[in-house]
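> structure, please.
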Amino acid sequence: MGSEFIVRRRPAGLRRFVVSDVPAAVSDWGKSFRELLVKFPQDVKDAIAKGFEDQERYWNALMEVYAVHGCRAKPFPKDLEYSLLQVYSKDADRTVDEAPILSGWTIVDRLYLIKAPTLVINGR
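Residues are numbered from 1 along each chain as shown. Have a look, this model is predicted:
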């Protein structure tokens, strides 16, 4: 969302911008996540597809994905686990994950407004 901040606020003095592992559109995030799931066992794919219907199964599947594509540190850092639980646990605050502003969000058509030299890491 840094790119959104820059486009909307145009902060004075911004000299450089680094974009790392973020999509330019919400639809790209979903597509990329589905591509990552291809190499996982069917039970992980099924649990992710069902989502919160079976919270424990979903959480375990999500942790399998994050262990490969999110954070490879072992043991999984407690601070990161805590942060993920704020969005994905049974009692999570779903306002971020389900925020209406994210529905259909894209910055693609406004990227030209970012004037600072920008380094894109692991982007497409």
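
> where do the strands sit along the chain?
With DSSP state E as the criterion, the chain has strands at 17-20, 118-121.

> now do the last one: distance to the chain's middle.
The reference is to strand 118-121. Its chain's average C-alpha position is 17 Å from that of strand 118-121, according to C-alpha atoms, centre = their mean, to the nearest Å.

> same check on the first one?
For strand 17-20, the distance from its own C-alpha centre to the chain's C-alpha centre is 14 Å (C-alpha atoms, centre = their mean).

> quick check: buried residues in it?
17, 19 (16 or more other C-beta atoms under 10 Å). Any C-beta I mention is one placed from the backbone N, CA and C, and that applies to glycine too.

> what's the answer for stretch 76-84, then?
So for stretch 76-84, counting by 16+ other C-beta under 10 Å, buried means Leu84.

> list every C-alpha atom in that stretch, with coordinates, as PDB.
Presented in PDB, the C-alpha positions along stretch 76-84 are these (Å, rounded to 0.1, in the frame of the first residue of the first chain):
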ATOM      1  CA  PHE A  76       8.200 -19.900  13.000                       C
ATOM      2  CA  PRO A  77       8.600 -16.500  14.700                       C
ATOM      3  CA  LYS A  78       6.100 -15.900  17.500                       C
ATOM      4  CA  ASP A  79       5.600 -12.200  16.500                       C
ATOM      5  CA  LEU A  80       4.800 -13.200  12.900                       C
ATOM      6  CA  GLU A  81       2.400 -15.900  14.100                       C
ATOM      7  CA  TYR A  82       0.700 -13.400  16.400                       C
ATOM      8  CA  SER A  83       0.300 -11.000  13.500                       C
ATOM      9  CA  LEU A  84      -1.200 -13.700  11.200                       C
END
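
> please begin residue numbering at 432 from this point
OK, 432 is where the count begins now, so the last one is stretch 507-515.
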